[in-house]
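Engineer: With the input below, show me the fold.
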Amino acid sequence: MSLSGPRLDAESGEASSLVIFLHGYGADGNDLIGIGSAIASHLPNSTFLAPNAPDRCTNNPMGFQWFPIPWMDGSTEEQMNAGFDASAQKLDHWLDEVSNAEAIPLERIALVGFSQGTMMSLHVGLRKARQLAGIVGFSGRLLRPETLDAEIKSRPPVLLVHGDQDEVVPPESLALARDGLAEVGITAQTHMSSGIGHGIAPDGLGMALGFLKERASL
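Structural biologist: Numbering: from 1, shown residues only. From the prediction side, this is the model:
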């Protein structure tokens with residue numbers, strides 16, 4: 001496998017779907033796999049995967065990054081774009097690898113991203129020819145919306161969740177992402193968690209679980 005990280009096998013012992021968590025800048029797969037433990041009983045036929053991003057984080061060598069962030073680590077815009085493109089390609093290929101290895105079609109795979117992980121989920125997920133079960137994005141952005149209309153290949157259900165006190169990724173990023181998706185024919189569900197910064201609140205997690213159970217049919 002081109003990416004690796006923690007996993008939780010389906011509680012039922014017979015997985016028919018996958019939920020894949022994509023972590024944020026400077027974290028790793030362990031940062032989100034605990035969410036799988038919290039919701040596993042509600043999705044007994046789902047296996048949970050949380051791959052580490054491809055590169056060690058410049059600011060936190062103990063963690064990983066999907067791409068560098070110039071205003072946080074001193075990288076250039078060219079390095080940021082190159083890192084983003086390389087990670088997007090790796091994630092795209094890894095999703096196909098996982099689908100084949102687990103014998104679960106892409107239509108039964110949902111992505112759940114946080115921050116940078118949301119950016120990767122939206123970018124890669126909407127460019128898969130075979131439609132994913134769904135995408136949940138916490139505290140993220142829709143990157144490169146100007147290219148999406150020409151590059152979109154599928155329109156999975158999308159849920160966007162953000163904290164209204166987010167000090168890292170501005171709360172207005174939710175509306176910008178929602179509007180960008182609407183321009184290509186995706187009506188995203190949205191939820192703003194009151195009094196929450198750059199994190200995942202219980203109400204947002206509840207929304208995500210309901211989305212995965214109902215819209216993604218996991």
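
Engineer: for this structure, which spans come out with low pLDDT?
Structural biologist: 1, 215-218 (pLDDT under 70).

Engineer: so where's the longest helix in it?
Structural biologist: Counting residues, the longest helix in the chain under DSSP state H turns out to be helix 77-102.

Engineer: Which secondary structure elements does that helix sit against?
Structural biologist: If you count contacts as 3 or more C-beta pairs under 8 Å, 6 or more residues apart in numbering; DSSP states H and E, helix 77-102 packs onto strand 17-22, helix 70-73, strand 109-114, helix 116-125. The way it works is simple: take the backbone N, C-alpha and C, and place the C-beta from them, glycine included.

Engineer: can you redo those as JSON lines with mean neighbour count and distance to residue 192?
Structural biologist: Converted to JSON lines, the helices and strands packed on helix 77-102 look like this (neighbours: other C-beta atoms under 10 Å; distance: least, C-beta to C-beta, whole Å):
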{"stretch": "strand 17-22", "mean neighbour count": "26", "distance to residue 192": "21"}
{"stretch": "helix 70-73", "mean neighbour count": "12", "distance to residue 192": "24"}
{"stretch": "strand 109-114", "mean neighbour count": "28", "distance to residue 192": "16"}
{"stretch": "helix 116-125", "mean neighbour count": "27", "distance to residue 192": "15"}
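
Engineer: Could you dump the ones you listed into a markdown table and include distance to residue 82?
Structural biologist: What follows is the helices and strands packed on helix 77-102, written out as a markdown table (distance: least, C-beta to C-beta, whole Å):
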| stretch | distance to residue 82 |
| --- | --- |
| strand 17-22 | 19 |
| helix 70-73 | 12 |
| strand 109-114 | 21 |
| helix 116-125 | 15 |
